Structures are given as C-alpha cells and as structure tokens.
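Engineer: turn this into a structure:
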Amino acid sequence: MTLLTKSSPNRKNSIASATTSSSAAFVSEAKNNDKQGRRFLDEKQLDFVLGYLNKHHGDLLTKLSETFSEMGVEKAKKNAWSGGSYQILSAKIVNIDTRSFDLDTEIKLRGSGSKTKTVSIDLDAMPVTKRRKFGAHSGGDILPPLTLDHHDIHHLEQPIDEIVRKMCRLCWMVDEPDVTGKLFQLGLQLGGSSIGKIKDNMYLNQCPHNRYIRKYFYGMVADAVLEAVVLCSKGKISNRMKLMALFPELNPSMDSYRIGTILEMVRVLAIQLTEQNLRVRICVQQSMGQGIFTGLPKALGGVMKLLQIMDWQSGPGEENEGMVGNYINFGHIGADHVVDAHVRDDGTKVEQDDVFILIAPQSMVGVDSSVMGYLEEMVEAVGDRPIILFNPDLTDKVSPQGQQNVRGRKHRIDFADSFKTIWHFQNIYVSGTSYFPILGAIFKPGPLQMWSSYQRRDLSNNEGEVYVPVLAGEEKPQGDQILQSFDHY
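Structural biologist: Below is the predicted model of the structure:
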C-alpha cells in the first residue's frame, strides 16, 4: 500500500475522496445558482425567513440598518449638533440571499414627515462608523468577515445554513446574541444541515451511558477528525489540533470518569483514519519528574498498557488483520517517538507516521516537570503532519519553586493556544463542583463549524429531554453569556 504524505497529491486525493463524494450533489446544484457566489432560498424558505424576522426581530433589523448601511453615517452627521434630527423608526426585511439582504427602512427628519428608504446590506458587512459602541457580549470586538467555502464546509450544503451563520455574526456585533440561537433553530426547521443538532434523550446524567450514546459520540468525533485531516492536507487549517470530549464518562474531574470510553473512542477514530491509508501513532505521556519525585496523572494510569492489550481485531483472520504494528502504533510524547520514513540497516523500509493522537497530555501538581517541553519538541519533530491533542489540560500546575507558574508563562500560554479546536462537547452544570443537574452543553461539531450552546429541557410527563440552541457564533461562548441566555429563554 502506497504511503501518502502531505506533500503528495495522491494523499490529498485519497483523503479528500472520503468526504467529498457525499457532497457531489450539492456542489452540482450550487454551480447552477451560484455563478457569481450568490445562492438563493426556495420560495417557501424565503417567505418564512422574512415573515419570522419581521414579526419577532424588528429591533434587530433596525440596529442592522443603522450599523451596516449608509443610514448610520447619515444619522451620525445630522445628530452631531442636534440630537433627534434624524431618526430610524423601523426596518422591514424584504429579501435575502447568501450575499446580502434588503431592508425597507422608515426614517424621520426633524421638521418633515417619515419616509421609507430601501437599503441593501452585505452579509459580510463591517460597521460603517467607528463611533458605534458595541455591547459587552462581543467584548468590544468588530468581528471580521467569514471566509466560508461551501465546497469545504459540509454543513453549508444549503443556502439557509450560510445565511444563518453570517446573520449570527452580525447579531453579535449589534449586541443581540440571544437572536443567534433562534436563527440556528430556524435553519434546522427550514431544512438546513443537522450537523449542529444535539441528539434528544441522551440522559447523560445516567452513568454508565447507554452503548448507543457512546457510539453516537464516537461517530461524531471520528468524522470531525477525518474532516480536519482532509482540510489540513489542503492547507485550510493548521496541523495543530485539539479535541475536547467532556461528557460525564470522559470528564476526569467526575467520579463517572471511565477510561474505557476514551480508549474506545480513540480506537474508532484511529481505525477510520487507517481506512484512508494513513498511519496513526497513538501517544500517552510518560512519567515526569526526577528521582523519587516522579509520577503520572491519575487519569492516565495504565492507559498505555490497556491500549496495547485491548481488542483491535488485528489478529490473523480478523477484520483489521495486521493493522496494529503497521498502520497503528503506540508511543510516548516526545520527539523520540516521531517516526519518519527511513530504511533500516538490514534494508527494511520503514514508513512514516501520518497522524499523531496524543491522549490527555497534562502537567501534574507538585512534579518538578511540565509536559510542555516534551510536547513542544514533538510538535517540532512532527513538522506539518496533523497532531491531535485529545482532552488536553495545558494549564500550569503548582510546582516546586514555581517552575510552571512564573518562568516562560506567556510562551506556554501562546503555545497552548496554537492548537485549534476541531471538535468540542462539554456539559454545563450549576457550578464547578456540582454535576447535577445538567443545564445544557457547549458544542462545536467540526473544525470549521460554529460554536453553539444549548439549554437542556425536560419534556412534560417525563417524555424525554431536548437540547435547545440558545447561542451560536464563531467563538466559544463564555459562562456569563450562556447564563444570561438561559435567563432569557
């Protein structure tokens, strides 16, 4: 079997075929109505979107007309010397596509009656005036336009998905974050991609979890990792990746933590990568420290041994015969465990590792050593190949003489931040020490997908539970934002 490296076009073609074949239909359709980068809703979707926004979010539309059209500049000029000279009374949306939307805006000048003016606003618009004060939700930041390519981002198959995502960006900039969850739900109802929808009736407070729930998460993670590797091979995203799965069985701070769930998830995603002709090295950090002051995080105790003895179906006559030791290998964190293509002294050809999965790298309290040094050396040795941190904790820990707290702290923070999230699921609780009941979840379903937060709700008569989207955006929602959105629903 031919080794496929990142620089090899064969690898790009092989990997890409795993995820692009299913999207051939929508690409063909997009070419029919996207000759100039503009795609359109069908008549039913358009009528529903216009009616919904006009009925429920008139204040949002008025803010958009002021912030992103020439009306904002005109209002600022006329009101500079005399407040109230120029008023924007209301706005009504009359058309929208993936490029722009049109508003019929009612304005009133002092000394004259009101009149209606139609403005067109680009969905990638920037604020027209710097004097506009943005709300605390956006942190005062003006969010850059999105660089979305529906050929690469599979959840943008339908025009409604692209419109919703761009509208969410505008909502954050006019301090209307609560509208983003409603827009997200609107996209789901109108036939948009369901990739961001969380399964109903998971009952994650019940541990151990049902087997079908574990498989649900395993499948999502494996698909997201494969998509990330594909995008990395195309140069679309960084090779430094981070994957956070923190539902109860994978949260090491909870007594429901189950190491078997981590190992099963790693096995599923590793096998899916090897099916694309990629060689995977699964790494677990070694004991750290010096002399008698050595140790390994409790969550990682015995993991390397379990990885080697668990059932990979790799024996003679089994489904994955010969996979372990050839396409799947194990190692520790460090440059010494990065294998490049070479030929041994006896003439045996050794193929390079293509993808690296590092299980829960973390430093320890009280140990005079940090995992960061080993990790940095490994990243340097890996080069541009994908390296994925699975549930990392790269924060500093208390250590003798403050080695992890003072010296080089900014460098460590910058290095940790260089790993970008490709998948994230984290339950929300009442507090950091109370894990019941589950209030909701933070979710990012893929490397190029939006972040979203959900509120968990019990259905009446004990008929189940649902996760309702309350926030959606390009950045991970913060705790205060989530709690405020819960209060508004």
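Engineer: only C-alpha atoms for contact and neighbour calcs from this point on.
Structural biologist: OK.
Engineer: give me the distance between the helix or strand hosting Tyr218 and the centre of its chain.
Structural biologist: Using DSSP states H and E, Tyr218 sits within helix 211-233. Between the centre of helix 211-233 and the centre of its chain there are 12 Å (Cα atoms, centre = their mean, to the nearest Å).
Engineer: separation between the most far-flung residue of the chain relative to its centre and Leu89?
Structural biologist: When distances are taken from the C-alpha mean of the chain, Gly111 lies farthest, 51.7 Å away, according to Cα atoms, centre = their mean. For Gly111, the distance to Leu89 (Cα to Cα, to the nearest Å) stands at 15 Å.
Engineer: related to what we said a few turns ago, need phi/psi at the residue farthest from the centre of the chain.
Structural biologist: phi 90, psi 0 (degrees, to the nearest 10).
Engineer: gap between it and Gln87?
Structural biologist: From Gly111 to Gln87 the distance is 12 Å (Cα to Cα).
Engineer: and Glu264, by the same measure?
Structural biologist: Applying Cα to Cα to Glu264 and Gln87 gives a distance of 61 Å.
Engineer: again with Val94
Structural biologist: Computed as Cα to Cα, the Val94 to Gln87 distance reads 21 Å.
Engineer: and the helix or strand containing Leu46, what does it pack against?
Structural biologist: Per DSSP H and E, Leu46 falls inside helix 43-56. The helices and strands touching helix 43-56, judged by 3 or more Cα pairs under 8 Å, 6 or more residues apart in numbering; DSSP states H and E, are strand 86-96.
Engineer: buried ones in stretch 259-274?
Structural biologist: 259, 261-274 (16 or more other Cα atoms under 10 Å).
Engineer: among those residues, which lie within strands?
Structural biologist: Using DSSP state E to define strands, no part of those is located there.
Engineer: tell me which two of those residues sit farthest apart.
Structural biologist: Pairwise distances across the buried residues of stretch 259-274 peak at 22.7 Å for Ile259 and Thr274 (criterion: Cα to Cα).
Engineer: before we move on, the earlier item: please enumerate residues in contact with whichever helix or strand comes after the helix holding Leu46?
Structural biologist: Sequence order places helix 58-68 as the next helix or strand after helix 43-56, per DSSP H and E. By Cα atoms under 8 Å, 6 or more residues apart in numbering, the residues outside helix 58-68 that reach it are 53-54, 71-72, 75, 88-93, 103, 105, 119, 121, 125-129, 132, 170-171, 174, 176.
Engineer: please report the distance of the closest residue to Pro252 other than its chain neighbours from Ser253.
Structural biologist: Distance criterion Cα to Cα, 6 or more residues apart in numbering; nearest residue to Pro252, sequence neighbours excluded, is Ala299 at 6.4 Å. To Ser253, Ala299 is 9 Å away according to Cα to Cα.
Engineer: what's the answer for Ser85, then?
Structural biologist: Distance of Ser85 to Ser253, given as Cα to Cα: 58 Å.
Engineer: and if you look at Glu465?
Structural biologist: For Glu465, the distance to Ser253 - Cα to Cα - is 25 Å.
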